[in-house]
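> Sharing a model prediction with you, sequence too.
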Amino acid sequence: MQGRIHSTESFGTVDGPGVRFVIFFQGCPMRCRYCHNPDTWDMNAGHAESTESLLAQYRRNAVFYRNGGITCTGGEPMLQMPFLTELFTAAKQEGIHTCLDTSGICFDPEQPEPVRTLLTVTDLVMLDIKQINDEKHRALTGHSNARILQFAEFVSACGAPLWVRHVVVPGLTDDPAEHEQLGEFIGGLRTLKGLDVLPYHTMGRRKYEEMGIPYPLGDTPPADSAAAGQAKANIMRGIKKRLRA
Ligand code: SF4
C-alpha cells in the first residue's frame with residue numbers, strides 16, 4: 001500500500017516521547033485559522049510512499065529512537081486509515097513505539113471498527129482539542145467539535161493512552177471559563193496521560209505568504225508562556241472538579 005506523504009523529519013522531539021521519526025501525512029479536512037502547515041491541506045499534493053520505504057528510513061537511524069519511535073502527524077493521518085493502520089501494524093511487528101497525532105475529525109461513531117483496529121497498534125494518541133465551545137470551534141476550524149469529543153471518549157473507552165493538546169490563541173481560545181469546561185471534559189477520559197497547553201505563535205505566516213493565501217489571523221498577536229500557564233491551571237481546575245464529582 002502507498003500513502004500520500006508531505007514530508008518526514010528524522011529527529012523530532014516535540015511530537016511524542018523521546019526522539020522520533022515523524023511522518024507528515026498529506027491532506028486535512030480542517031481549516032484551522034492558526035494552522036502552521038497549510039501546505040499539508042491538499043490531498044493531491046505531496047508524494048506517494050510505501051510502508052516499507054518509511055520503515056527503511058526509520059531503521060537507518062534506529063539507534064537514536066531507543067526511547068522514542070514513530071509519530072504520524074500531518075495534515076490528518078486518519079484521512080488515510082488503511083495505510084496508517086498498515087504502517088503502525090508493521091511498526092509494532094518490529095517493536096517500534098507508535099504515536100498518532102490527530103485532530104480526531106475523521107472519527108465516525110457509526111463506523112468505529114477501523115479506529116478500534118488502529119488503536120490496537122497505537123501506543124499513544126496525541127489529540128488536539130482546539131475549542132470546547134462548539135460554535136467557536138466551527139468559527140475556528142470550519143467544523144463542529146462533536147466528532148472530536150466522541151473520538152476522545154472512544155479512545156479512552158478502548159483503553160488507549162491519550163495525551164491532549166490545546167493551543168491558546170488570544171481572543172479565540174483564551175476564555176478561562178472555556179478552559180475549565182475543557183478540563184471537565186478531559187477529566188472524564190480515564191486513559192488521559194498528559195496535557196500540553198501551548199501558546200499560539202505566528203511562525204506559519206511565511207508559508208501562507210509563499211502559497212499566496214491571506215494569513216487568517218493577521219491581527220492576532222502571539223500568546224506568551226504565561227498565558228499558556230494560566231490556561232493550563234484553569235484546565236487543571238476543571239479536571240479536578242470532574243474527578244471530585
Ligand atoms: S487539523 Fe492540523 S493540519 Fe489540519 S488545519 Fe488544523 S492545524 Fe492544520
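Yes, it's here.
> What score does residue 245 have for pLDDT?
Predicted confidence (pLDDT) for residue 245: 89.
> List the contacts of the helix or strand that contains residue 227.
Assigned by DSSP states H and E, residue 227 belongs to helix 225-244. Residues from elsewhere that reach helix 225-244 (C-beta atoms under 8 Å, 6 or more residues apart in numbering): 166, 168, 170, 174, 176, 179-188, 195, 197-199. The way it works is simple: take the backbone N, C-alpha and C, and place the C-beta from them, glycine included.
> go again using 10 Å as the cut-off
129, 132, 164, 166-170, 173-189, 192, 195-200, 223-224 (C-beta atoms under 10 Å, 6 or more residues apart in numbering).
> Would you mind checking those for buried ones?
129, 132, 164, 166-170, 173-175, 178-187, 189, 192, 195, 197-200, 223 (16 or more other C-beta atoms under 10 Å).
> Show only the entries of the residues you listed found in strands.
Within the buried ones among the contacts of helix 225-244, residues falling in strands by DSSP state E are 164, 166, 167, 168, 192, 195, 197, 198, 199.
> Show me which residues of the chain sit near the ligand.
28, 30, 31, 32, 35, 37, 40, 74, 75, 76, 103 (C-beta under 6 Å from any ligand atom).
> what are the ranges of the helices in this structure?
51-60, 81-93, 113-120, 134-141, 146-157, 176-186, 205-211, 225-244 (DSSP state H).
> Distance to residue 45 added to these, as a markdown table?
Formatted as a markdown table, the helices of the chain follow (distance: least, C-beta to C-beta, whole Å):
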| stretch | distance to residue 45 |
| --- | --- |
| helix 51-60 | 18 |
| helix 81-93 | 16 |
| helix 113-120 | 24 |
| helix 134-141 | 20 |
| helix 146-157 | 24 |
| helix 176-186 | 33 |
| helix 205-211 | 11 |
| helix 225-244 | 32 |
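> looking at those, which one has the lowest mean pLDDT?
It's helix 205-211: among those, that one has the lowest mean pLDDT, namely a mean of 93.
> Mind listing what's buried along that helix?
Quick answer for helix 205-211 (16+ other C-beta under 10 Å): 207, 208.
> Show me which strand runs longest in this structure.
Max-length strand for the chain by DSSP E is strand 2-12.
> if I look at residue 134, how far off is residue 123?
Using C-beta to C-beta, to the nearest Å, residue 134 is found at 30 Å from residue 123.
> cool, and residue 170?
Taking C-beta to C-beta, one finds residue 170 at 34 Å from residue 123.
> Also residue 214?
From residue 214 to residue 123 the distance is 39 Å (C-beta to C-beta).
> So which of the two has more stuff around it?
Per other C-beta atoms under 10 Å, whichever of residue 214 and residue 123 has more neighbours is residue 123, with 19 against 7.
> surely the more buried one meets residue 100?
Yes. Counting by C-beta atoms under 10 Å, residue 123 does reach residue 100; the two are 8.9 Å apart.
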